[in-house]
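> Take this sequence and fold it.
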Amino acid sequence: MMTGQRIVSERKEKLKSSGRTGKDMIEASDDDTKFGKGTLGMGNVAIPPADLFPSNDKLTTGISILRGINTKRIEMRKGIAYVIEAMRNGNVVAEGLCNLNGWGGRSKTPLNAVQCFQVAVEKKNHPLGLLALGRCYLLGLGVEKDVHIGFGYLQKALEAGSIGAHARLGTCYALGLGVEQNIAKAVGHFEKGAEVGDSIAQLSLGQHYLHGIGVVRDRRKAVALTQDVVKRGFSIELQIDLWETLAQDGNPIAELEIGRMYMLGRDVQTDVAKAVGLYSRAACQGITAADSNLGICFMHGIGVKIDMERALTHFVRSAQKGCGVALYQLAIMHARGLCLPADDVKAQEYLRRAAAKNVEAAKEALESLRKGDVLESQEVVCHESQRYYLRSGWSAHLLPTDPSPWSSENGKLKLKKENVPIPQGWSWVNDWELIIQVPNRTDENGWRYAVDFGTLNSFFPNSTNLRFVRRRTWRRTLAKRNRLKVRDVFRDVEDASTAAYM
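Numbers count the residues shown, from 1 in each chain. So this is what the prediction gives:
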């Protein structure tokens with residue numbers, strides 16, 4: 001005699017082989033899992049079928065507060081309290097959620113949870129029941145994991161009016177769970193969910209903008225979406241829980257984010273081995289940042305044995321997709337001759353490409369190359385002089401006996417600051433700056449005042465009717481430099497690549 005579960009499994013296999021959809025599979029599952037009439041035993045609570053969906057339940061409100069859907073605040077405790085209240089009022093979907101999550105004194109019993117959701121779907125085609133049952137099938141919670149059936153339930157949930165289904169459907173399209181992968185549709189669902197404030201949709205959309213997946217990469221939009229969720233009360237604990245959940249779903253972006261947290265000990269206990277495993281899973285699904293992070297791990301023996309060839313493989317694969325961090329790592333490998341021929345020209349080329357991707361460490365390295373090593377330096381000083389005329393005021397037109405409007409430090413050489421000669425092998429270190437010594441020596445613009453230029457020792461920081469001349473001093477530093485190669489920039493950096501760690 002065949003068991004019910006076996007019959008369902010065989011029917012699903014026939015449907016899969018015939019090419020039918022997730023919705024068809026749901027019908028097969030629904031037909032073969034009917035519940036008998038009477039009282040349903042769920043944990044220690046009996047729920048009479050006549051009152052499975054009391055009109056005064058708080059379930060929808062609770063879920064909205066938990067997810068931030070059409071609410072100003074995301075409040076986990078308050079949302080859970082509403083769900084528990086709905087359960088105590090007899091709502092079967094709320095009963096299932098409490099069994100699934102261990103709320104309201106219930107132990108975590110996914111099998112009981114699934115039974116509740118199936119009743120809700122059978123009796124009322126309840127949108128939240130459909131949504132919850134879809135997630136259970138996607139993750140294999142209380143049922144045999146089947147992403148096709150899970151996707152079908154999510155589609156039904158959306159059709160039944162569950163706005164929260166957008167975020168889950170977006171994940172399915174992004175990963176190809178139960179449906180052909182379609183990044184454009186994934187982004188579309190995330191956008192629709194984000195429009196109503198669904199925190200999961202907002203964070204997922206933010207990650208797509210951060211990594212340029214299906215959209216033009218835009219860090220500002222990514223940060224804005226994340227900050228909005230945080231401002232509305234989405235705590236670090238909730239973020240970790242969300243990323244953990246999505247990572248369990250196989251979401252590569254979530255795997256990358258959780259991997260970073262474990263690698264850096266950010267809001268969780270450091271677990272390098274776990275981080276490397278999460279990076280590997282994300283990299284296998286094409287996440288470029290995960291590839292570059294794995295390369296860094298193999299390059300420096302972080303959680304794995306040092307393996308330069310594997311590091312190079314990860315960096316090349318990530319760089320081919322335009323990852324700036326990977327380009328920076330390849331510059332280091334060419335500069336140091338690590339698993340690649342030492343080649344300063346190629347190293348500089350990779351640095352320029354990384355800098356174009358806004359990798360700050362690459363920009364700093366290029367600036368160091370431009371400046372070179374300072375062997376010696378000297379300060380250059382120029383004086384700017386003016387005379388006061390009753391009709392025209394302060395002017396650079398001076399008397400024949402006056403010094404030049406622009407002169408050298410000793411005042412004898414006519415020299416504009418823009419025309420200071422630069423000896424061969426020397427270059428400017430900084431820009432021209434005024435020497436301002438308020439209040440004892442100059443005014444706020446650097447001027448010192450005197451009766452005449454001949455009274456050099458009688459300059460004052462303020463003007464009077466008897467002080468007809470003024471002078472201020474500009475300075476700039478010249479340096480003699482030694483031309484550097486890329487390997488020289490990194491020679492004192494034990495772990496140069498961590499400057500660009502993502």
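> Could you pull up phi and psi at the residue nearest to L246 when sequence neighbours are not counted?
Distances taken as C-beta to C-beta, 6 or more residues apart in numbering place A254 nearest to L246, at 3.4 Å, with adjacent residues excluded. Just so you know, the C-beta spots here come from the backbone N, C-alpha and C atoms, and that holds for glycine as well. A254 adopts backbone torsions of phi -60, psi -40, taken as degrees, to the nearest 10.
> neighbours around A254, how many?
A254 is flanked by 23 other residues according to other C-beta atoms under 10 Å.
> For it, give me its contacts.
207, 242-247 (C-beta atoms under 8 Å, 6 or more residues apart in numbering).
> same thing with G79?
Shown in contact with G79 (C-beta under 8 Å, 6+ apart): 62-67.
> Tell me which helix or strand it sits in.
Assessed by DSSP states H and E, G79 sits inside helix 76-88.
> Could you give the separation of that helix from the chain centroid?
Distance of helix 76-88 from the chain centroid (C-alpha atoms, centre = their mean, to the nearest Å) equals 32 Å.
> likewise stretch 414-432?
Using C-alpha atoms, centre = their mean, the offset of stretch 414-432 from its chain centre is 43 Å.
> Touching that stretch from outside, list them.
371, 374, 377, 380, 382, 384, 404, 406-408, 474-481.
> What about the residues you listed, which are in helices?
Those of the contacts of stretch 414-432 mapping onto helices are K371, per DSSP state H.
> Buried subset of the contacts of stretch 414-432 as a ChimeraX selection?
A single ChimeraX command selects the buried members of these (16 or more other C-beta atoms under 10 Å):
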select :380,382,384,404,406,407,408,474,476,478,479,480,481
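> Now, the contacts of stretch 414-432 that are in strands?
The strands, defined by DSSP state E, take in 374, 377, 380, 382, 384, 406-407, 474-481 from those.
> residues in contact with E309?
Neighbouring residues of E309 by C-beta under 8 Å, 6+ apart: C339.
> re the thing from before, show me what the helix or strand just after the helix holding G79 packs onto, helices and strands only.
Per DSSP H and E, the first helix or strand lying C-terminal to helix 76-88 is helix 92-101. Packing partners of helix 92-101 (3 or more C-beta pairs under 8 Å, 6 or more residues apart in numbering; DSSP states H and E): strand 45-47, helix 59-67, helix 76-88, helix 110-124, helix 127-139.
> how about a cut-off of 7 Å?
strand 45-47, helix 76-88, helix 110-124, helix 127-139 (3 or more C-beta pairs under 7 Å, 6 or more residues apart in numbering; DSSP states H and E).
> Compare these and give me the one nearest N99.
Comparison of the helices and strands packed on helix 92-101 against N99 by C-beta to C-beta identifies helix 110-124 as nearest, at 4.0 Å.
> Could I get the buried residue list for the closest one?
For helix 110-124, by 16+ other C-beta under 10 Å, it's 110, 112-121.
> Can you give me every residue that contacts R470?
The neighbourhood of R470, defined by C-beta atoms under 7 Å, 6 or more residues apart in numbering, consists of 386, 447-449.
> next one: the helix or strand hosting it to chain centre, how far?
Element membership for R470 (DSSP H and E) is strand 469-482. Distance, stretch centre to chain centre, for strand 469-482: 43 Å (C-alpha atoms, centre = their mean).
> CA atoms of it as PDB?
C-alpha atoms of strand 469-482 as PDB (Å, rounded to 0.1, in the frame of the first residue of the first chain):
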ATOM      1  CA  VAL A 469      51.800 100.300   1.900                       C
ATOM      2  CA  ARG A 470      51.100  96.700   2.600                       C
ATOM      3  CA  ARG A 471      52.700  93.300   1.900                       C
ATOM      4  CA  ARG A 472      51.700  89.700   2.300                       C
ATOM      5  CA  THR A 473      53.800  86.500   1.900                       C
ATOM      6  CA  TRP A 474      53.100  83.300  -0.100                       C
ATOM      7  CA  ARG A 475      55.000  80.100   0.300                       C
ATOM      8  CA  ARG A 476      55.200  76.700  -1.500                       C
ATOM      9  CA  THR A 477      57.500  73.700  -1.100                       C
ATOM     10  CA  LEU A 478      59.700  72.200  -3.800                       C
ATOM     11  CA  ALA A 479      61.100  68.700  -3.600                       C
ATOM     12  CA  LYS A 480      63.700  66.700  -5.400                       C
ATOM     13  CA  ARG A 481      62.200  63.200  -6.000                       C
ATOM     14  CA  ASN A 482      63.400  59.800  -6.900                       C
END
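> so which of the contacts of G79 is the most crowded?
In terms of neighbours by other C-beta under 10 Å, those top out with G62 at 26 neighbours.
> so that residue touches I84, yeah?
No: the pair G62 / I84 is not scored as a contact, 8.1 Å apart, by C-beta atoms under 7 Å.
> Spit out the contact partners of the nearest residue to C284 once chain neighbours are set aside.
Of all residues not flanking C284 in the chain, P252 sits nearest, at 8.0 Å (C-beta to C-beta, 6+ apart). Under the criterion of C-beta under 7 Å, 6+ apart, the neighbours of P252 are 281-282, 285, 287.
> Of those, grab the buried ones for ChimeraX.
Selection of buried members from these for ChimeraX, criterion 16+ other C-beta under 10 Å:
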select :281,282,285,287
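> any idea where the helices of the stretch 101-250 of the chain begin and end?
110-124, 127-139, 147-159, 165-175, 183-195, 199-211, 219-231, 236-248 (DSSP state H, counting those that start in this stretch).
> which of the residues in the helix or strand D291 falls within are buried?
According to DSSP H and E, D291 maps onto helix 288-300. Buried residues in helix 288-300, counted by 16+ other C-beta under 10 Å: 288-299.
> What of stretch 261-276?
261-263, 268, 271-272, 274-276.
> One more: stretch 454-470?
Buried positions in stretch 454-470, judged by neighbour count with 16+ other C-beta under 10 Å: 459-461, 467-470.
> next one: stretch 439-447
For stretch 439-447, a neighbour-count test (16+ other C-beta under 10 Å) marks 442-443, 446-447 as buried.
> Now do the end-to-end distance for that stretch.
Start to finish, the residues bounding stretch 439-447 are 11 Å apart (C-alpha to C-alpha, to the nearest Å).
> got the contact list for it?
Against stretch 439-447 from outside (C-beta under 7 Å, 6+ apart): 434-436, 438, 448, 461-462, 470, 472-473.
> Neighbour-wise, which one of these leads?
When neighbours are counted by other C-beta under 10 Å, R470 leads the contacts of stretch 439-447 with 23 neighbours.
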